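Novice: from the sequence below, what's the structure:
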Amino acid sequence: MTTTYLRQAKTTDLPVIMKIINEAKAYLKQQNVDQWQHGYPEQSDLSADVAAGDNYVLVRYDVIVATATLLHGIDENYKVIEQGSWRGDPAATYTSIHRIAVAAGYRGQHLSETLITNLLTVSLQLGYNDVRIDTHPENLGMQHVIKQNGFDYRGIIYMHEPKEPRYAYQLTLNA
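Specialist: Reported below is the predicted structural model:
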């Protein structure tokens, strides 16, 4: 039986997290996806996530195989949505999943789906049943993973400067 679990990242995990992030950047470039090709996310982004307790790692057989950040509250990037709308109370808080990456040697094993499923559980444990996520319009693989996890497409949001469009998705969990 494969032992796989989610835990909060520790500062000592940062080198492995950055290796996974850099592998993901290279993979996206190889796929001709312009996401993460202009510096972001940088080590400072992940260091801040870890320090805030918002970064999680997926561990398989004592090896970190994936990483993601789970923000909670209000995500500034999600305040304005175009060509659609969020469900529910616009002032309500939610979790948002960012910076998902799987180690190069572990792709194709549905670990992104496992990672998201575990983050949904964490969201409920933190008291949130509204979960949001976004991805680049060209990132068809992540769009598939997001939809496989039950998220509905809600519209377009914009990230960073310069403004970059992202497809936005939402899932409401029954608590």
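Novice: residue ranges with poor pLDDT in this structure?
Specialist: For the chain, the stretches flagged by pLDDT under 70 are 1, 161-162, 175.
Novice: so which residues of it form helices?
Specialist: For the chain, applying DSSP state H gives helices covering 14-30, 43-52, 111-125, 140-148.
Novice: can you give me the buried ones in the last one?
Specialist: By neighbour count with 16 or more other Cβ atoms under 10 Å, helix 140-148 contains the buried residues Met142, Gln143, Val145, Ile146. Where you see a C-beta, it was placed from the backbone N, CA and C, and this is true even at glycine.
Novice: looking at the helices of the chain, which is closest to Thr67?
Specialist: helix 14-30 (4.9 Å; Cβ to Cβ).
Novice: what packs against the closest one?
Specialist: Under the contact criterion of 3 or more Cβ pairs under 8 Å, 6 or more residues apart in numbering; DSSP states H and E, helix 14-30 touches helix 43-52, strand 55-60, strand 63-73, strand 94-102.
Novice: find the residue closest to the spatially most central residue of the chain in space, skipping its chain neighbours.
Specialist: Central residue of the chain (Cα atoms, centre = their mean): His98, 2.9 Å from the mean position. Leaving aside its sequence neighbours, His98 sits nearest to Thr69 (Cβ to Cβ, 6 or more residues apart in numbering; 4.6 Å).
Novice: what's the neighbour count on that neighbour?
Specialist: By other Cβ atoms under 10 Å, the residues close to Thr69 number 22.
Novice: verify the contact between it and Ala51 for me.
Specialist: No. Using Cβ atoms under 8 Å as the test, Thr69 is too far from Ala51 to be in contact (11.6 Å).
Novice: name whatever forms a beta bridge with the residue nearest to Pro165 when sequence neighbours are not counted.
Specialist: The spatially closest residue to Pro165, leaving aside those adjacent along the chain, is Ile156, at 5.2 Å (Cβ to Cβ, 6+ apart). Ile156 has the following beta-bridge partners by DSSP bridges: Glu82, Tyr167.
Novice: could you pull up the residues touching Ile156?
Specialist: Ile81, Glu82, Gln83, Gly84, Pro165, Arg166, Tyr167, Ala168 (Cβ atoms under 8 Å, 6 or more residues apart in numbering).
Novice: which of those residues lies closest to Asp130?
Specialist: Within the contacts of Ile156, proximity to Asp130 (Cβ to Cβ) peaks at Ala168, which comes in at 12.6 Å.
Novice: what sits against the closest one?
Specialist: Tyr78, Ile81, Gly84, Arg132, Ile133, Asp134, Tyr153, Arg154, Gly155, Ile156, Ile157.
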